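Peer 1: Kindly generate the corresponding structure for this input.
(one chain, ligands or ions: 2)
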Amino acid sequence: MKRLLAFATDAARANFGRTRPFKLTFIVTEVCSCRCAACQLWRAPRPGPGLDEVRRFFAANPHLSWLNLSGGEVVEHPCFVDLVEAAVRATRVYALDFPTAGQRPEETEQRVRAVLELPLPRLFVTVSLDGPPAVHDRLRGLPGAFERAGDTFRRLRALGSRRLVVRAGLTFSSWNDADPAGLVADLLAAAPFLRREDLHFNLAHHAPHCYRNRRVDVPDDRRVGEFLARHGAGRLARATPLALLERAYARLSGDYLATRRCPLPCAALAASAYVDPELCLFPCASWDRPLLDLRQFDYSLARAVRSTAARAARRELRAGRCPGCWTPCEAFPSLVAQVLPAALRLCRARRPAPAARPLPPEERPCERA
Ligand code: SF4
Ligand code: SF4
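Peer 2: Ligands and ions are numbered 1, 2, ... in the order given. Have a look, this model is predicted:
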């Protein structure tokens, strides 16, 4: 309960613009067993910090309440459970999420079971499935990748924990964007264990510091934008906070693709931050702008975002001089930070317009017969 309250307080404070990053994307390692076409990390992966340094990092940031551990393939990290335990013990983390390509089903199941032993209120795991078997295996560069990812999804779902949310993540890139609706239909036909509402859509962005990818990897704006506008939000099975966030994210994805600008005021370096495997601070997963070495700030994000470099970057992003993006890593905290302003706008829009005050005779326009 204490963790939920802290998280709710952070989210509320973000709505008033008074915050330090409570949502962190932490690239723990770039090591990965996949050979993806739209990501080149696997060619020369950086291993990431050791467990002792990760413990020091979390100890310096006890206010974190929402953690995205990513890679590389973070669940394949030899110390994965210890890393999560370090975060849970040292911070007030309420929600922790990580993506996985799901290539080691049994090991992933064991590790998720071990994480569920920790006092972590919510664990979100997204298993990547980028299309039916032929498309997915080609994209991931591994024969049998679809089969293993499906096995991982089923195993995690079967754990049946109320604290665990398992989703299937479909990332649109130039490698699978020819017919988005057909791709989704083919995926659902090939994976009877998946329901439409299990799918979380994502957009590949050009982000060299994050994927070492190329501009040609991003999907076609028009095709994917049209699909997301029509089908992206899907059916709202349950009005959970996550489902509402997913819906808002999908609905605004079309706006992003039409303009290539973030459709909301961005929360990067205010509510959220991005840290790479060498503990370098970046604004986000999309802006290849190294700001500072956190080791020189005693690992403290609160101190780092007050630095001259971070303040300058924040001014630039406010002025629209960042690449502009709409990735869940930053879009979700931006959506959370906009709940109150959006509700206020809605209330103002619904409030009946005040009756027009009659003008005094001297201000009335001439009336001609
Ligand atoms: S996209 Fe993910 S799964 Fe694929 S190589 Fe990169 S880190 Fe690994
Ligand atoms: S809008 Fe700009 S600063 Fe914000 S997350 Fe996207 S690229 Fe980063």
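Peer 1: pLDDT at the closest residue to ligand 1 within the stretch 51-200 of the chain, what is it?
Peer 2: At 4.0 Å from ligand 1, Ala101 is the closest residue in the stretch 51-200 of the chain, using C-beta to the nearest ligand atom. All C-beta spots, glycine's among them, are computed from the backbone N, C-alpha and C. The per-residue pLDDT reported for Ala101 equals 97.
Peer 1: do the same with Arg13
Peer 2: For Arg13, pLDDT reads 69.
Peer 1: Can you tell me the closest non-neighbouring residue to Pro45?
Peer 2: Once flanking residues are discounted, Pro45 sits nearest to Glu30: 3.7 Å by C-beta to C-beta, 6 or more residues apart in numbering.
Peer 1: Also Ala86?
Peer 2: Ala86 sits nearest to Arg55 (C-beta to C-beta, 6+ apart), 4.6 Å away.
Peer 1: What residues sit buried inside the helix or strand harbouring that neighbour?
Peer 2: Per DSSP states H and E, Arg55 falls inside helix 51-59. For helix 51-59, a neighbour-count test (16 or more other C-beta atoms under 10 Å) marks Val54, Arg55, Arg56, Phe57, Phe58 as buried.
Peer 1: Do a quick rundown of the helices in the stretch 201-350 of the chain.
Peer 2: With helices called from DSSP state H, counting those that start in this stretch, the stretch 201-350 of the chain shows them at 208-211, 221-227, 241-259, 301-304, 308-318, 328-336, 339-350.
Peer 1: Mind putting those helices into JSON lines with mean pLDDT and distance to ligand 2?
Peer 2: Listed next are these as JSON lines, based on pLDDT from 0 to 100; distance: least, C-beta to the nearest ligand atom, whole Å:
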{"stretch": "helix 208-211", "mean pLDDT": "87", "distance to ligand 2": "11"}
{"stretch": "helix 221-227", "mean pLDDT": "84", "distance to ligand 2": "16"}
{"stretch": "helix 241-259", "mean pLDDT": "76", "distance to ligand 2": "9"}
{"stretch": "helix 301-304", "mean pLDDT": "95", "distance to ligand 2": "16"}
{"stretch": "helix 308-318", "mean pLDDT": "95", "distance to ligand 2": "4"}
{"stretch": "helix 328-336", "mean pLDDT": "77", "distance to ligand 2": "4"}
{"stretch": "helix 339-350", "mean pLDDT": "54", "distance to ligand 2": "17"}
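Peer 1: Give the stretch among those helices with the greatest mean number of neighbours.
Peer 2: Ranked by mean neighbour count, these are led by helix 328-336 with a mean of 24 (mean count of other C-beta atoms under 10 Å).
Peer 1: Specify the angle between that helix and helix 241-259 in degrees.
Peer 2: For helix 328-336 against helix 241-259, the angle by axes from the mean of the first three to the mean of the last three C-alpha atoms, to 10 degrees is 110 degrees.
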